[in-house]
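K.L.:
got a sequence here, can you build the structure:
(2 chains)
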Amino acid sequence: MNLFADIRALVVESLTALADEGALPRGLETQGVAVEPPRDAGHGDMATNAAMVLAKPAGMPPRAIADLLAKKLIDDGRVLSAEVAGPGFLNLRLAPSVWQGLVGAVLADGTDYGRSAMGKGVKVNVEYVSANPTGPLHVGHTRGAVFGDALASLLAFAGYDVTREYYINDGGAQVDVLARSVYMRYQEAHDLSVDWPEGSYPGDYLIPVGEALKDKVGDAYLEEPESVWLAPVREFATDAMMDLIRSDLAALGVKMDVFYSEKSLYGTGRIEAALEALKERGLIYRGTLEPPKGKTPEDWEPREQVLFRSTAHGDDVDRPVMKSDGAWTYFAPDIAYHYDKISRGFDALIDVFGADHGGYVKRMKAAVSALSDGRVPVDIKLCQLVRLFKNGEPFKMSKRAGNFVTLRDVVEQVGPDVTRFVMLTRKNDAPLDFDFDKVLEQSRENPVFYVQYANARIMSVIRKAEEAGIDASAAPDLSLLTHEAEMKVAKQLAEWPRLVEIAARTNEPHRVAFYLNELAGDFHALWNRGNDDASLRFVQDDVRASQAKLALARAVSVVISAGLAILGVKPAQEMR
RNA sequence: GACCUCGUGGCUCAAUUGGAUAGAGCAGCCCCCUCCUAAGGGGCAGGUUGCAGGUUCAAGUCCUGCCGGGGUCACCA
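P.N.:
Numbers count the residues shown, from 1 in each chain, chains lettered A, B, ... in the order given. Predicted coordinates for the structure are as follows:
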């Protein structure tokens, strides 16, 4: 059930009929015809731009087309009125029975209401978090985790075949640093005192890992040189860190389908194969890069490197894939990783990065474009910083001391539901303020509360009704829903399927959170109308009237539940 | 210097990817509880969408150039 799609289909049918009658030219392209809610509800229930879009190709003034279309549409039982307005908009008012029927459809579909087929048959890969396995996840990762997870759920709801994936950066130098840091904790576990060099990971979270290493190997590595213990300790340490990260993600309710190891690309010829694929396209060469204009690094010296001609696919400069010592740059395995995603048959890729990786976007897009010969689109979503506050005061993190606010800190303090919802109350590319106190506040300002409160009120009023002996789930006579305040809520429900498609098309899950806030607002408004007008209360002496009103409330709850499910939040049954 | 990103009432943000008279919430002023959760709601006031051009039936949205905030900038990942 998608009312906007239904009415759009009606508009297109009517246009075809007009063409058959000779009133319009045949074969007009109706691609651009849209049926949308008008910006101002006073204009009507729905508006179509059909006349304006078709005016030029039809060679007719828009208002003339709109007049023809209006006369045709009015024949349909669902359309109460069709008025031409402005430059050629056609404003439609729909019969009450349409909105009543919509409420019934929502209840019939349940939380499947709003599912779309737009992604049918399309395989999409969403890569998110992808934090280095060198420590627990912190707040910044939390935003990316929530965003990616909600986006994946949203796309699944829109019909896509979604894979959630985490790229483990376990191939670079930082995991060696991790291994050395764990080794020092291991030494400490043997009561040896150690000096912590600059650039190591001094966080307490490695103490138990050092202990665990001691439990596993005893004193076997104590007298050995690094060449002996580095590789096994590295593996031990990264495994421990991934366990930690997995449990952090689980605490937040994030479950990946695939954890993909960077290290697994080395020594298997996969990086070489990916670069060979680029080479075949003439995009690999040896050369020397110009220093960046304006700001030349202190230690700049011309160097001949192996370069990827990313400029052929929209990048600003070509990018090195191999260091001067012959080792791969970070970019090389990432190229291979994306090549692997392409060869696994994904039709679209989405990468969720932190905003500090913005400079990486063009080269990654260039690589995917080159490797898929332009067939596979990749959308890279950047998540901006999270600024922490406590009661309005900025909350400082000291990364140097290893004391940063972790994902687990946040989840333990405010819970996974609040964490997730709040992380989606801003669009991904805008900075987000997270105040530990305000997110728990029970007030209008807090959207988490506001939406949950709406659902709790619905649950509460259903309980009240049942206590009064009303069967709230009985088949209602929806024709009893006639008041404009009730219609307003029904109209908001009608927008849900449309919103899902827009949010999925733009890869913007925050739109779901904003929509829920609006829906909750409409519901609270209706609720309060009951203070002034007793006929708008949900529990009525007239059982049939009550059942109809409760059906509307239940439909609201259904959509809130479906929306919250996309965000990964459990609807509240009551407020405490 | 180059690239990315953002710029919308006093504050925090939306705006149906190009649609009509730019919408919400805070803060301010005025109202609404013998009544299902007032943990809420209704109303008033508040704007040249950073600036200047351009594209077209139509621009907060697209293009160009400025201004301002943030981010990034070859042997880090």
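K.L.:
please make it C-alpha for all contacts and neighbour counts, starting now.
P.N.:
OK.
K.L.:
report the secondary structure element holding the residue in the stretch 151-300 of chain A that RNA strand B sits nearest to.
P.N.:
Nearest to RNA strand B, among the residues of the stretch 151-300 of chain A, is residue A:300, at 3.1 Å (C-alpha to the nearest atom of the strand). For residue A:300, there is no host helix or strand (DSSP states H and E).
K.L.:
pretty sure it sits against residue A:291.
P.N.:
Yes - Residue A:300 lies in contact with residue A:291 (C-alpha atoms under 8 Å); the separation is 7.2 Å.
K.L.:
the most centrally placed residue in chain A: what's it in contact with?
P.N.:
Closest residue to the average C-alpha location of chain A: residue A:151 at 2.4 Å, with C-alpha atoms, centre = their mean. The neighbourhood of residue A:151, defined by C-alpha atoms under 8 Å, 6 or more residues apart in numbering, consists of A:504, A:507, A:508, A:509, A:566.
K.L.:
how about 10 Å then?
P.N.:
A:126, A:128, A:145, A:157, A:162, A:164, A:350, A:352, A:503-504, A:507-510, A:566-567 (C-alpha atoms under 10 Å, 6 or more residues apart in numbering).
K.L.:
could you measure from the residue of the stretch 151-300 of chain A closest to RNA strand B over to residue A:313?
P.N.:
Here the criterion is C-alpha to C-alpha, to the nearest Å. By it, residue A:300 lies 26 Å from residue A:313.
K.L.:
neighbour count: the two, which is higher?
P.N.:
residue A:313 (20 against 10; other C-alpha atoms under 10 Å).
K.L.:
neighbours around the residue nearest to the more buried one when sequence neighbours are not counted, how many?
P.N.:
In space, and not counting its chain neighbours, residue A:313 is closest to residue A:366: 4.8 Å by C-alpha to C-alpha, 6 or more residues apart in numbering. The number of residues packed near residue A:366 is 22, by other C-alpha under 10 Å.
K.L.:
send me the one helix or strand residue A:366 maps to as CSV with only the CA atoms.
P.N.:
Using DSSP H and E, residue A:366 falls within helix A:361-371. The C-alpha trace of helix A:361-371 is given here as CSV (Å, rounded to 0.1, in the frame of the first residue of the first chain):
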residue,chain,number,x,y,z
VAL,A,361,36.8,9.8,-1.3
LYS,A,362,37.8,10.8,-4.8
ARG,A,363,40.5,8.2,-5.1
MET,A,364,38.2,5.4,-3.9
LYS,A,365,35.5,6.4,-6.3
ALA,A,366,38.1,6.5,-9.1
ALA,A,367,39.3,3.0,-8.2
VAL,A,368,35.8,1.6,-8.1
SER,A,369,34.9,3.4,-11.3
ALA,A,370,38.0,2.1,-13.0
LEU,A,371,37.7,-1.5,-11.8
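K.L.:
the next helix or strand after it close to RNA strand B?
P.N.:
As assigned by DSSP H and E, the chain's next helix or strand after helix A:361-371 is strand A:378-383. No - using C-alpha under 7 Å from any atom of the strand, strand A:378-383 stays clear of RNA strand B, with a minimum separation of 8.0 Å.
K.L.:
buried residues, the helix or strand just after strand A:378-383. List them.
P.N.:
The helix or strand immediately downstream of strand A:378-383 is strand A:386-390, counting by DSSP H and E. Buried positions in strand A:386-390, judged by neighbour count with 16 or more other C-alpha atoms under 10 Å: A:386, A:388, A:389.
K.L.:
which residues of the stretch 151-300 of chain A lie near RNA strand B?
P.N.:
So the stretch 151-300 of chain A meets RNA strand B at A:169-174, A:289, A:292-295, A:297, A:299-300 (C-alpha under 7 Å from any atom of the strand).
K.L.:
the lowest-mean-pLDDT helix or strand in chain A and RNA strand B, any residue contact?
P.N.:
The weakest-scoring helix or strand in chain A, judged by mean pLDDT, DSSP states H and E, is strand A:393-394 (a mean of 80). No - shown here: strand A:393-394 not in contact with RNA strand B (C-alpha under 7 Å from any atom of the strand), separated by at least 13.7 Å.
K.L.:
what sits up against that strand?
P.N.:
Residues contacting strand A:393-394 (C-alpha under 10 Å, 6+ apart): A:387, A:388, A:433, A:434, A:435.
K.L.:
and those residues as JSON lines, adding pLDDT and distance to RNA strand B?
P.N.:
Compiled in JSON lines, the contacts of strand A:393-394 are given as follows (pLDDT from 0 to 100; distance: C-alpha to the nearest atom of the strand, whole Å):
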{"residue": "A:387", "pLDDT": "89", "distance to RNA strand B": "10"}
{"residue": "A:388", "pLDDT": "89", "distance to RNA strand B": "12"}
{"residue": "A:433", "pLDDT": "91", "distance to RNA strand B": "7"}
{"residue": "A:434", "pLDDT": "92", "distance to RNA strand B": "10"}
{"residue": "A:435", "pLDDT": "92", "distance to RNA strand B": "11"}
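K.L.:
could you chop chain A up by domain?
P.N.:
Here the domain parsing of chain A from automatic domain parsing is A:3-94, A:174-249, A:444-567.
K.L.:
buried stuff in stretch A:212-222?
P.N.:
Buried-residue list, stretch A:212-222, by 16+ other C-alpha under 10 Å: A:212, A:213, A:214, A:221, A:222.
K.L.:
and stretch A:276-295, by the same measure?
P.N.:
A:277, A:278, A:283, A:284, A:289.
K.L.:
so what's residue A:265 up against?
P.N.:
A:171, A:271, A:272, A:332, A:333, A:334, A:336, A:337, A:340.
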